[in-house]
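> Give the three-dimensional model of this entry:
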Amino acid sequence: MAKELKECSILLVDDDAGDRLLIRKAMQENGVVNRIEFFEDGQALVDHLTLHARAPGAAQPCLILLDLNMPRLDGHEALKIVRNHSSWKEIPIVVLSNSGNSDDILNSYREGANSFFTKPFEYKELVRLMGLLKTYWFETARLPFPAS
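Residues are numbered from 1 along each chain as shown. Next comes the predicted model:
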């Protein structure tokens, strides 16, 4: 993993504290060393990105993991806001939801998600999924960061 990718943060947006903990643990088991920042809903994500954008020299996050069904501002609305903002539209967004509904999947891609995964029920499968995400986003894909 390139040094700049190790130093960028992953934003995990999910209203379920248990899911956030399990996802972090599964990432750590796969050797993900990035800082993981947690947000309980889409509004908290947008507020953070807005505040972070004002910080001089602040680097963009390298990945957003986004749940769909959350209070205040759900994942679909947050996805639309991020994708329509000129400074944030290149940030990779992976929807990670309990939903397997075909409308949620289709709408997520139409709204600009880079990938959609249904959260596995078994922890072993979550570890496997986080390993796939790490391999793809941090070892295989070429990302447009660090932004200068």
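> residue ranges with poor pLDDT in the chain?
1-6, 54-58, 145-148 (pLDDT under 70).
> what about the helices in it?
Listed from the start of the chain, the chain has helices (DSSP state H) covering 3-7, 17-29, 42-53, 75-83, 102-110, 123-134.
> okay, these in JSON lines with mean neighbour count and distance to residue 91 next?
In short, each C-beta sits where N, CA and C put it, glycine included. JSON lines is the format used below for the helices of the chain (neighbours: other C-beta atoms under 10 Å; distance: least, C-beta to C-beta, whole Å):
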{"stretch": "helix 3-7", "mean neighbour count": "13", "distance to residue 91": "13"}
{"stretch": "helix 17-29", "mean neighbour count": "16", "distance to residue 91": "18"}
{"stretch": "helix 42-53", "mean neighbour count": "18", "distance to residue 91": "8"}
{"stretch": "helix 75-83", "mean neighbour count": "21", "distance to residue 91": "7"}
{"stretch": "helix 102-110", "mean neighbour count": "14", "distance to residue 91": "15"}
{"stretch": "helix 123-134", "mean neighbour count": "17", "distance to residue 91": "15"}
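> Save those as JSON lines, and put in distance to residue 62 too.
Supplementary listing: the helices of the chain in JSON lines, determined by distance: least, C-beta to C-beta, whole Å:
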{"stretch": "helix 3-7", "distance to residue 62": "6"}
{"stretch": "helix 17-29", "distance to residue 62": "13"}
{"stretch": "helix 42-53", "distance to residue 62": "13"}
{"stretch": "helix 75-83", "distance to residue 62": "14"}
{"stretch": "helix 102-110", "distance to residue 62": "20"}
{"stretch": "helix 123-134", "distance to residue 62": "11"}
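> Compare those helices and report which one is nearest to residue 61.
Closest to residue 61 of the helices of the chain, according to C-beta to C-beta: helix 42-53, at 8.1 Å.
> who's in contact with residue 130?
23, 26, 27, 29, 30, 32 (C-beta atoms under 8 Å, 6 or more residues apart in numbering).
> go on, residue 96?
14, 23, 65, 66, 67, 117, 119 are the contacts of residue 96 under C-beta under 8 Å, 6+ apart.
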